[in-house]
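> Can you look at this prediction? I've put the sequence above it.
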Amino acid sequence: MSSEYNPYKNVVDAMEEAMEIGKIDKHMFEIIKNPQREIKVYLPVEMDDGSVKVFEGYRVQHSNIRGPFKGGIRYHQNVTLNEVKALATWMSLKCAVVNIPFGGAKGGIKVDPSTLSKRELCALTRRYTYAIEPIIGADRDIPAPDVNTNAQIMTWLLDTYSQLHGKPCPGVVTGKPLELGGSKGRPSATGRGIVISTKLLLAEDGKELKDTRVAIQGCGNVGGNTARILAHRGAIVVAISDVYGAIYCESGLNADQVTAYVENGGKLTDYNAEGVIHMTNEELLLCDCDVLIPAALENQITADIAKQVKCSYIVEGANGPTTVDADKILQERGIKLVPDIFANSGGVIVSYFEWVQNIQEIAWEKPQVNEMLETILTKAFKEIIEESKRSDCTLRMAAYIIALKRLIHTEEIKGIFP
């Protein structure tokens, strides 16, 4: 990540622009702009060699005016407080734009998890849970997986919290294994939501997923599931990347084979098949495709990249992959973009379903979960399109306007305490 890039400034700038375009009263904006709580914790862990290492962790709670705080936890060596603040803010906007009763939060630990053993990773997760335990809970703040975290990490978090409370507390976290109260459809929910977003965007221009050429930056849970579902629906996945590099095939990649290769520990720099060309992650962003899906980290489509992309559509699978300057260039070039706060909301929507199932002590089948996910996204996308036409703005600005109006209206009717 560039040292000059400030993701929190990026989201605040976008919100301020949306306030102007949507002619939204600004007297409550200072509340929405600033997180309610920021916590930094230091986490001592005894390493396998007997040494003690102290890790830095964060939890930022942006807003709970529409429901409990909600947001993932990421483990990454470049995690910063500004990044976590931005991600927490995006979560508030995301939940508001799809109209589910959650607020926004985010957490992170500055660590490269690939350098830790399983025991060290477990100890770090439990220590972090212990540190933030006073501020999380099923009716307070509900964590979930994010970059470099998964169902196993959530299991350790759940167990630690439950041990501290002397009883099972499944509602404290989502993204859990099914055996511990997880929801069917949750692992693939973010990817499925991106596919639904892509389908809805193409339909606006009378197009279908079938034979649409797609490039995906990222092959983790989000990128991998997106690739598989797109391929199963007839799209042609021409490029995909992991942290090591990217591969491209003009006639289309075997998405099932490629994602299985990565999931089993393979690196795409070592992957070979007929017609496959190796390239860098940046070259993937510039490859020839109809739809580009950045599904890795933020700050990927910069102004320089935006001038060169060859796609007609961008669907943001990652949080904040496009800078404010790049947005303006893409708009000038007529490249339609579905913003992150809508496109990747499938994960939090199905996390909401998981939370509801935990509270009510029931379990839904996967077809029901997927159907409800598509219903919510289709309704929200229609509202975004209508707002875009009404305010004569991009889909990003329309999504921000809808989210901000809902957040600010809730602030106004509740008032300021005390």
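Nice, thanks for sending it over. Numbering: from 1, shown residues only.
> Who are the packing partners of the longest helix along the chain?
Of all the segments of type helix in the chain, defined by DSSP state H, the longest one is helix 366-391. Packing contacts for helix 366-391, counted by 3 or more C-beta pairs under 8 Å, 6 or more residues apart in numbering; DSSP states H and E, involve helix 189-204, helix 340-343, helix 346-360, helix 395-414. Yep, even glycine has a C-beta here, placed from its N, CA and C like the rest.
> mind running it again at 6 Å?
If contacts are counted by 3 or more C-beta pairs under 6 Å, 6 or more residues apart in numbering; DSSP states H and E, helix 366-391 sits against helix 189-204, helix 346-360, helix 395-414.
> Return the first one as PDB; C-alpha atoms alone will do.
Output of helix 189-204 as PDB, limited to C-alpha atoms (Å, rounded to 0.1, in the frame of the first residue of the first chain):
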ATOM      1  CA  ALA A 189     -21.800 -15.400   0.300                       C
ATOM      2  CA  THR A 190     -19.500 -12.500  -0.600                       C
ATOM      3  CA  GLY A 191     -18.500 -14.200  -3.900                       C
ATOM      4  CA  ARG A 192     -22.100 -15.000  -4.700                       C
ATOM      5  CA  GLY A 193     -23.100 -11.400  -4.000                       C
ATOM      6  CA  ILE A 194     -20.400 -10.100  -6.400                       C
ATOM      7  CA  VAL A 195     -21.800 -12.500  -9.100                       C
ATOM      8  CA  ILE A 196     -25.300 -11.200  -8.500                       C
ATOM      9  CA  SER A 197     -24.100  -7.600  -8.600                       C
ATOM     10  CA  THR A 198     -22.300  -8.300 -11.900                       C
ATOM     11  CA  LYS A 199     -25.500  -9.900 -13.300                       C
ATOM     12  CA  LEU A 200     -27.600  -6.900 -12.300                       C
ATOM     13  CA  LEU A 201     -25.200  -4.500 -13.800                       C
ATOM     14  CA  LEU A 202     -25.000  -6.300 -17.100                       C
ATOM     15  CA  ALA A 203     -28.800  -6.600 -17.200                       C
ATOM     16  CA  GLU A 204     -29.000  -2.700 -17.200                       C
END
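> Taking helix 366-391 as reference, get the angle to it.
Angle of helix 189-204 versus helix 366-391, following axes from the mean of the first three to the mean of the last three C-alpha atoms, to 10 degrees, is 50 degrees.
> The very next helix or strand once past helix 189-204 relative to helix 189-204, how many degrees between them?
Sequence-wise, the next helix or strand downstream of helix 189-204 (DSSP states H and E) is strand 213-217. With the same axes, to 10 degrees defining the directions, strand 213-217 sits at 150 degrees from helix 189-204.
> how distant is the helix or strand following strand 213-217 from the center of its chain?
Using DSSP H and E, the helix or strand that follows strand 213-217 towards the C-terminus is helix 221-232. Here helix 221-232 is found 15 Å from its chain centre; the criterion is C-alpha atoms, centre = their mean, to the nearest Å.
> How about residues contacting helix 221-232?
Applying C-beta atoms under 6 Å, 6 or more residues apart in numbering, the contact partners of helix 221-232 are 188, 190-192, 194-195, 214, 216, 237, 240, 255-256, 259, 295, 317.
> likewise stretch 76-93?
If you take C-beta under 6 Å, 6+ apart as the criterion, stretch 76-93 is touched by 1, 6-8, 11, 35, 58, 60, 62-63, 71, 103-106, 108, 110, 112, 147-148, 319, 341, 403.
> which element follows the longest strand along the chain toward the C-terminus?
Secondary structure of the chain per DSSP state E: the longest strand is strand 52-63. With elements assigned by DSSP H and E, the helix or strand that comes after strand 52-63 is strand 69-76.
> could you check the angle helix 346-360 makes with that following strand?
Following the same axes, to 10 degrees, one obtains 120 degrees for the angle between strand 69-76 and helix 346-360.
> would you turn the helices and strands packed on helix 366-391 into a markdown table with mean pLDDT?
Formatted as a markdown table, those follow (pLDDT from 0 to 100):
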| stretch | mean pLDDT |
| --- | --- |
| helix 189-204 | 98 |
| helix 346-360 | 96 |
| helix 395-414 | 96 |
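> between those helices, which one is nearest to E16?
helix 395-414 (9.7 Å; C-beta to C-beta).
> can you list contacts of that closest one?
Helix 395-414 is contacted by residues 14, 18, 21-22, 24, 28, 31-32, 65-66, 93, 96-97, 338-339, 341-342, 383-384, 387-388 when judged by C-beta under 6 Å, 6+ apart.
> again, only this time at 8 Å
Residues outside helix 395-414 that contact it (C-beta atoms under 8 Å, 6 or more residues apart in numbering) are 14-15, 17-19, 21-22, 24-25, 28-29, 31-32, 63, 65-66, 92-94, 96-97, 99, 327, 336-339, 341-342, 383-385, 387-388, 391, 393.
> for stretch 355-375, same thing?
Contact partners of stretch 355-375, identified using C-beta under 8 Å, 6+ apart, comprise 138, 142, 170-171, 174, 181, 183-186, 189, 192-193, 196, 346, 349-350, 353.
> and stretch 368-381, how far out from the chain's middle?
Computed by C-alpha atoms, centre = their mean, the chain-centroid distance of stretch 368-381 equals 17 Å.
> Now it: buried residues?
Buried residues in stretch 368-381, defined by neighbour count with 16 or more other C-beta atoms under 10 Å: 369-370, 372-374, 376-377, 380-381.
> Pull it out as CSV, backbone CA atoms only.
Provided in CSV are the C-alpha atoms of stretch 368-381 (Å, rounded to 0.1, in the frame of the first residue of the first chain):
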residue,chain,number,x,y,z
GLN,A,368,-33.4,-20.4,1.2
VAL,A,369,-30.3,-18.4,2.2
ASN,A,370,-29.2,-17.8,-1.4
GLU,A,371,-32.7,-16.8,-2.4
MET,A,372,-33.0,-14.3,0.4
LEU,A,373,-29.6,-12.9,-0.5
GLU,A,374,-30.5,-12.3,-4.1
THR,A,375,-33.8,-10.7,-3.1
ILE,A,376,-32.1,-8.2,-0.8
LEU,A,377,-29.4,-7.4,-3.4
THR,A,378,-31.9,-7.0,-6.2
LYS,A,379,-34.1,-4.6,-4.2
ALA,A,380,-31.0,-2.5,-3.1
PHE,A,381,-29.6,-2.4,-6.6
